[in-house]
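Trainee: Give me a 3D structure for the following:
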Amino acid sequence: MTGCTFCDETHATVYADDRCFVMLHDDSAVRGHAMVVWRAHVENISDLSDDDATHFIRVHRAAERALLDITDCERAVLMKLGIATPHLHLHIYPVSATADRAAVMAAINGETHEEREEDFVRKLCARLG
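Mentor: As a prediction, the model looks like this:
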């Protein structure tokens, strides 16, 4: 679909297969802010077949576990909006179990920024294979 950032652009990914990919978000709101993106242009998980939805969730689960382990965080905040880009993608924000609502909302609103280390990217790529 022309005009869709996920359809029209090439992204630096930490995992990719023929149906979806995982990429670290450009804003780095929190260490490990990532997105799981479905390759075909659909807006909702409910638009996927049962097999495709299962695959999407399996990739999400693997990415979330890897992100939590590498960041030493206990919790992942998930967000699926599709307002700016109506193409199925699920944000993963690894956060500490002690993070309060204000800290989580600051990350979601892009008010925070964490530098991304090459070692972190390398570890994540290795974990996701």
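Trainee: Tell me where the chain is predicted with low confidence.
Mentor: Applying pLDDT under 70 to the chain flags residues 1-2, 8-10.
Trainee: Contacts for the longest strand belonging to it next, please.
Mentor: When the chain is parsed with DSSP state E, its longest strand is strand 89-95. With CB atoms under 8 Å, 6 or more residues apart in numbering as the test, strand 89-95 has contacts from 6, 25, 29-38, 56, 60, 63-64, 67-68, 71, 73, 75-80, 82, 103-104, 107-108. C-betas here are computed from N, CA, C, even on glycine.
Trainee: likewise stretch 118-129?
Mentor: Contacts for stretch 118-129 (CB under 8 Å, 6+ apart): 14-15, 22, 24, 31-32, 62-63, 66-67, 69-70.
Trainee: Quick check: buried residues in that stretch?
Mentor: 120, 124, 127-128 (16 or more other CB atoms under 10 Å).
Trainee: Equivalent analysis for stretch 93-101, please.
Mentor: 93-95, 99.
Trainee: I'd like the residues you listed as JSON lines, with distance to Leu48 appended.
Mentor: Shown next, in JSON lines, are the buried residues of stretch 93-101 (distance: CB to CB, whole Å):
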{"residue": "Tyr93", "distance to Leu48": "23"}
{"residue": "Pro94", "distance to Leu48": "25"}
{"residue": "Val95", "distance to Leu48": "27"}
{"residue": "Ala99", "distance to Leu48": "31"}
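Trainee: Looking at these, spot the one nearest Asp52.
Mentor: Of all the buried residues of stretch 93-101, Asp52 sits closest to Tyr93, with 24.3 Å by CB to CB.
Trainee: Quick check: bridge partners of that closest one?
Mentor: Bridge pairing for Tyr93 (DSSP bridges) gives the partners Val77.
Trainee: Next, give phi and psi for the residue nearest to the spatial centre of the chain.
Mentor: With distances taken as CA atoms, centre = their mean, the chain has Met35 as the residue nearest its mean C-alpha position (1.7 Å). Here is the backbone geometry of Met35 (degrees, to the nearest 10): phi -140, psi 140.
Trainee: Can you list which of the contacts of strand 89-95 are found in helices?
Mentor: Using DSSP state H, the subset of the contacts of strand 89-95 located in helices is 6, 56, 60, 63-64, 67-68, 71, 103-104, 107-108.
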